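In: Got a predicted structure here, sequence first:
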Amino acid sequence: ETCCVIGNYYSLRSQHEKAVVYFQRALKLNPGYLSALTLMGHEYMEMKNTHAAIQSYRQAIEVNRRDYRAWYGLGQTCEILKMPFYCLYYYKQAQELRPSDSRMLVALGESHEKLDKTQDAMKCFWKAHCVGDIEGGIALFRLGRLYDRTNDSDQAA
């Protein structure tokens with residue numbers, strides 16, 4: 001755990017390479033250390049190393065299939081790689097593990113939107129609003145934009 005704390009310290013200081021070194025040390029001591037795997041994936045994302053990020057997140061899922069953070073991280077990685085179908089799959093996995101987390105619902109809604117699944121996107125954004133949009137109203141904004149795009153200006157307002 002000490003290595004993980006030091007890794008977080010370096011992460012907060014935007015020294016991502018050093019953070020990865022400490023997460024790797026934590027994994028040498030405990031190869032199944034879920035937090036180190038997931039956090040290392042986040043660091044690789046910061047370093048724009050999507051291949052290594054995917055490996056870290058997949059290892060985390062092998063350790064615990066119920067780690068929503070790893071599923072969400074895979075979704076973000078696929079979003080960067082412009083792979084919307086994979087994105088949708090991974091965000092759906094994360095959302096099923098955290099059904100009341102508005103971040104998962106917004107990410108899922110955005111994936112549906114990119115795939116022109118407007119009704120599904122609207123449902124996700126509405127549900128994100130209903131469970132308490134912790135991202136400051138982004139769900140209602142997205143929902144309003146979709147209503148506007150579908151020429152339902154009464155709902156958009």
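Out: Received, thanks. Residues are numbered from 1 along each chain as shown.

In: residues of the helix or strand containing V20 that come out buried?
Out: Per DSSP states H and E, V20 falls inside helix 16-29. For helix 16-29, burial by neighbour count (16 or more other Cβ atoms under 10 Å) applies to 16, 18-23, 26-27. To be clear about C-beta, it is placed using only N, CA and C from the backbone, and glycine gets the same treatment.

In: same thing with stretch 98-107?
Out: In stretch 98-107, counting by 16+ other Cβ under 10 Å, buried: 98, 101-107.

In: Quick check: mean pLDDT of the helix or strand that comes right after the helix holding V20?
Out: Towards the C-terminus, the helix or strand next in line after helix 16-29, according to DSSP H and E, is helix 34-46. Helix 34-46 shows a mean pLDDT of 96.

In: returning to what we had before: dump the buried residues of stretch 98-107 into CSV; add secondary structure as well.
Out: Below are the buried residues of stretch 98-107 laid out as CSV (DSSP: H, G, I helix; E, B strand; the rest coil):
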residue, secondary structure
R98, coil
D101, coil
S102, helix
R103, helix
M104, helix
L105, helix
V106, helix
A107, helix
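
In: Closest to Y86 out of the residues you listed?
Out: A107 (12.8 Å; Cβ to Cβ).

In: What distance do you get for the closest residue in space to the closest one that isn't next to it in sequence to M40?
Out: Spatially, and ignoring its direct neighbours in sequence, A107 is nearest to Y91 (4.6 Å; Cβ to Cβ, 6 or more residues apart in numbering). According to Cβ to Cβ, to the nearest Å, Y91 stands 21 Å off from M40.

In: Next, the contact list for I54, please.
Out: The neighbours of I54, taking Cβ atoms under 8 Å, 6 or more residues apart in numbering as the test, are 41, 74, 77.

In: Next one, pLDDT for the residue nearest to A107 please.
Out: 98.
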